[in-house]
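Sequence plus the predicted model coming up.
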Amino acid sequence: MDAEPAELLRTAMRVSNTLRAHGVRFALAGGCAVYAHGGPASEHDVDVFLTEEDAPVARKVLVSAGMRAVDPLEDWLIKVYDGDCLVDLIFRPNNRPVTPDLLDRAEDLRLGATRAPVLPATDLLVDKVSVLEAHRCDFTPLLPIARAVREQVDWAVVARETATSPYARAFLTLLSELGITDGRELAHAKGAPHVRPTRTR
């Protein structure tokens, strides 16, 4: 069962403050990052990006703070629970390792009553669009996110970083058709010439 947004926000603040107090480098990602950038509140879990080297350290300090660790089946993250709120400590999202350079780009943003390093909107959209594939191709939850953060995103970078995915190209084309982007980013998608669709009335 998903936690309430207010509970997730409290957990995100607690995780952020705990990791910062112990000198663990990280960036909030997922729904909490969307919320910090002015988008809709998360209703699922708290995603934290950190390097694979720091993931066990983060697990240790969060458990010391009273959270409960579980052993996931996946080999690209570590899971802990703060009460009923799930926290994913992710070090290899979409088969891409979290690097110090990525964490260097994190923006210090307001999160409830605290501040936290947050994945930039461009990197956030790269991550979210990269998830799209044959068995996970629902654009519906991505549309309000794209609308909310569109002015903060370098869409050309998103197109370039996801150029090998036909699902990503389809989503970017939809954003252009809906007027959420201006379509120029499509020139950066693999095999996609920059042609602005002609609208008819």
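Nice, thanks for sending it over.

how does the protein divide up, domain by domain?
The record's domain parsing of the chain by automatic domain parsing lists 5-119, 126-188.

export those to JSON lines and tack on mean neighbour count and mean pLDDT?
Quick note: C-beta positions are derived from backbone N, CA and C, even for glycine. Formatted as JSON lines, the domains of the chain follow (neighbours: other CB atoms under 10 Å; pLDDT from 0 to 100):
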{"stretch": "domain 5-119", "mean neighbour count": "18", "mean pLDDT": "95"}
{"stretch": "domain 126-188", "mean neighbour count": "17", "mean pLDDT": "94"}
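
From what I see, A55 and I78 are in contact.
Yes - counting by CB atoms under 8 Å, A55 touches I78, with 5.1 Å between them.

Overlap of the contact sets of the two?
89, 91 (CB atoms under 8 Å, 6 or more residues apart in numbering).

quick one, strands of this protein?
Along the chain, counting by DSSP state E, strands occupy 27-29, 46-49, 68-70, 77-82, 85-90, 107-111, 114-118.

Quick one: closest of these to Y35.
Among the strands of the chain, the nearest to Y35 by CB to CB is strand 107-111 (7.7 Å).

pull the CA atoms of that closest one into CSV?
Extracted in CSV, the C-alpha atoms of strand 107-111 (Å, rounded to 0.1, in the frame of the first residue of the first chain):
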residue,chain,number,x,y,z
GLU,A,107,20.4,21.4,-6.7
ASP,A,108,19.9,22.4,-3.1
LEU,A,109,16.1,22.9,-2.9
ARG,A,110,13.4,23.4,-0.3
LEU,A,111,11.8,20.2,0.8
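
next one: that strand to chain centre, how far?
14 Å (CA atoms, centre = their mean, to the nearest Å).

next one: stretch 41-53
The answer for stretch 41-53 is 8 Å, by CA atoms, centre = their mean.

ok, which stretches of the chain are helices?
Here the chain has its helices, by DSSP state H, at 5-21, 30-36, 55-64, 100-104, 121-130, 142-149, 155-161, 166-177.

Redo the strands of the chain as JSON lines? Include distance to A148.
Below are these laid out as JSON lines (distance: least, CB to CB, whole Å):
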{"stretch": "strand 27-29", "distance to A148": "16"}
{"stretch": "strand 46-49", "distance to A148": "17"}
{"stretch": "strand 68-70", "distance to A148": "32"}
{"stretch": "strand 77-82", "distance to A148": "25"}
{"stretch": "strand 85-90", "distance to A148": "22"}
{"stretch": "strand 107-111", "distance to A148": "14"}
{"stretch": "strand 114-118", "distance to A148": "14"}
